[in-house]
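Q: Need a 3D model of the sequence below.
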Amino acid sequence: MHVVATAGHVDHGKSTLVRLLTGMEPDRWAEERRRGMTIDLGFAWTAPEQGDRLAFVDVPGHERFVTNMLAGVGPVPAVMIVVAADEGWMPQSAEHLAAIDALKVRHGLLVVTRSDRADPAKALAQARAEIARTSLGDVEAVTVSGATGEGLPDLRAALGRLVTRLPAPDPGASVRVWVDRAFTIKGSGTVVTGTLPAGTVRTGGELLLDGRPVRIRGLQALKENVAEVSAVARVAINLRGVERDEVFRGMALHTGEWTATGLIDVRVEEATRLPREPVLHIGSAAVPVRLRPLGDDAARLTLTRPLPLHVGDRLLLR
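A: Numbers count the residues shown, from 1 in each chain. Just a heads-up that it's a prediction; the model follows:
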């Protein structure tokens, strides 16, 4: 399995592309479908007869829901940046790209939508120039029309090339799954979902839930019951003995190599100023912190709740 997140300005066609590529509705809430605007994370996947399945994490594009966008993009290895031909590069195109660059995502694809409404050449050139200055570098680009279907075969082919360039994950690596959803299934109990970027999880195995030992009662990958799942994958993990109100987005299931801590020193990149009380984003977590500068390019952060972290983690302060 491969996992790709969408990114881009509101109403530029991210969810439409996911629907066309997968045949699934990524918008889970009735309010999203009524308003025609993604509010929270959506999930869908392809099921080809041959080859690996491709799962999408569809993120909201509105500026009010950037925290939700970061929860979706944080754990994934690749992004599909969407820009509309008739509107071009927009404020949330820039903010999403800045977050992707800060997280140092290195694999991506540019899709210019609504090519039936306007000549895509200008939007394509501007978007490629903006993206080229970031960690993504020079990305492949395709133009499509969600209304007519023109360009969809090219998009599917480009996605196939994108996933073949992704680095092979280590199935024996330490596990850290950031929770992006938690819910209850009658007769099964609490289930959490997230993206597994490295390592392997198994039914009957034990993980730590932000430091608390928990047992895996069952596993699903794209709604199929499995005994084990190796990265990269979208996973649903049924937890034994955990109540629904004990787990929430931003917590993490992890092995013992991660250190649950509320005090960290960080090296700061590309900051013109350091606010004293920013919000720290990593994985699906968004945690307010108190910041104390330690020279020009370092700071000490006091977190309002501990997170499972490790030397070398990339964090985003906003």
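
Q: Now the element after the worst-scoring helix or strand of the chain on mean pLDDT, going C-ward?
A: Least confident helix or strand of the chain, by mean pLDDT, DSSP states H and E, is helix 30-35 with a mean of 60. Following helix 30-35 in sequence order, the next helix or strand is strand 42-45 (DSSP states H and E).

Q: pLDDT score for residue 318?
A: On the pLDDT scale, residue 318 is placed at 89.

Q: OK, contacts around it?
A: Residues near residue 318 by Cβ atoms under 8 Å, 6 or more residues apart in numbering: 66, 70, 278, 279, 281. Where C-beta positions appear, they are placed from N, C-alpha and C, glycine not excepted.

Q: can you tell me which of those are in helices?
A: Among those, the members found in helices (DSSP state H) are 66, 70.

Q: Closest to residue 78 out of the contacts of residue 318?
A: residue 70 (15.8 Å; Cβ to Cβ).

Q: circling back: just the buried ones from the contacts of residue 318, in PyMOL syntax?
A: This is the PyMOL syntax for the buried subset of those, where burial follows 16 or more other Cβ atoms under 10 Å:
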select buried, resi 66+70+278+279+281
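
Q: Would you format the contacts of residue 318 as CSV with pLDDT included?
A: Below are the contacts of residue 318 laid out as CSV (pLDDT from 0 to 100):
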residue, pLDDT
66, 83
70, 89
278, 95
279, 95
281, 95
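
Q: quick one: low-confidence parts of the stretch 201-318 of the chain?
A: 271 (pLDDT under 70).

Q: And the strands in it?
A: Taking DSSP state E, counting those that start in this stretch, the strands of the stretch 201-318 of the chain run over residues 206-209, 212-221, 224-226, 228-230, 233-240, 252-254, 259-267, 279-282, 285-293, 298-309, 316-317.

Q: And the longest one, how far out from the chain middle?
A: Averaged C-alpha coordinates place strand 298-309 at 21 Å from its chain's average position (Cα atoms, centre = their mean, to the nearest Å).

Q: Mind listing what's buried along it?
A: Applying 16+ other Cβ under 10 Å to strand 298-309 flags 299, 301, 303, 307, 308, 309 as buried.

Q: Residue 256: which of those is nearest?
A: Closest to residue 256, out of all of the buried residues of strand 298-309 and judged by Cβ to Cβ, is residue 308, at 9.5 Å.

Q: Just want the phi and psi numbers for residue 137.
A: When read as degrees, to the nearest 10, the backbone of residue 137 gives phi 70, psi -150.

Q: residues contacting it?
A: 106, 131.

Q: Pull up the gap between it and residue 125, please.
A: 16 Å (Cβ to Cβ, to the nearest Å).

Q: Same check on residue 238?
A: For residue 238 relative to residue 125 (Cβ to Cβ), the value is 48 Å.

Q: between the two, which one's more packed in?
A: Between residue 238 and residue 125, counted using other Cβ atoms under 10 Å, residue 238 has the larger neighbour count: 19 against 14.

Q: So the more buried one sits against residue 216, correct?
A: Yes. When contacts are counted by Cβ atoms under 8 Å, residue 238 is listed as touching residue 216 (7.1 Å).

Q: from the middle of its chain, how far away would stretch 198-209 be?
A: 20 Å.

Q: go on, stretch 106-123?
A: 21 Å.

Q: Kindly report the same for stretch 171-183.
A: Centre to centre, stretch against its chain (Cα atoms, centre = their mean), the figure for stretch 171-183 is 12 Å.

Q: go on, stretch 220-231?
A: With Cα atoms, centre = their mean, you get 19 Å for stretch 220-231.

Q: outside of that stretch, which residues touch it?
A: 1, 45, 47, 53, 55, 169-171, 173, 196-203, 218-219, 233-236, 238.
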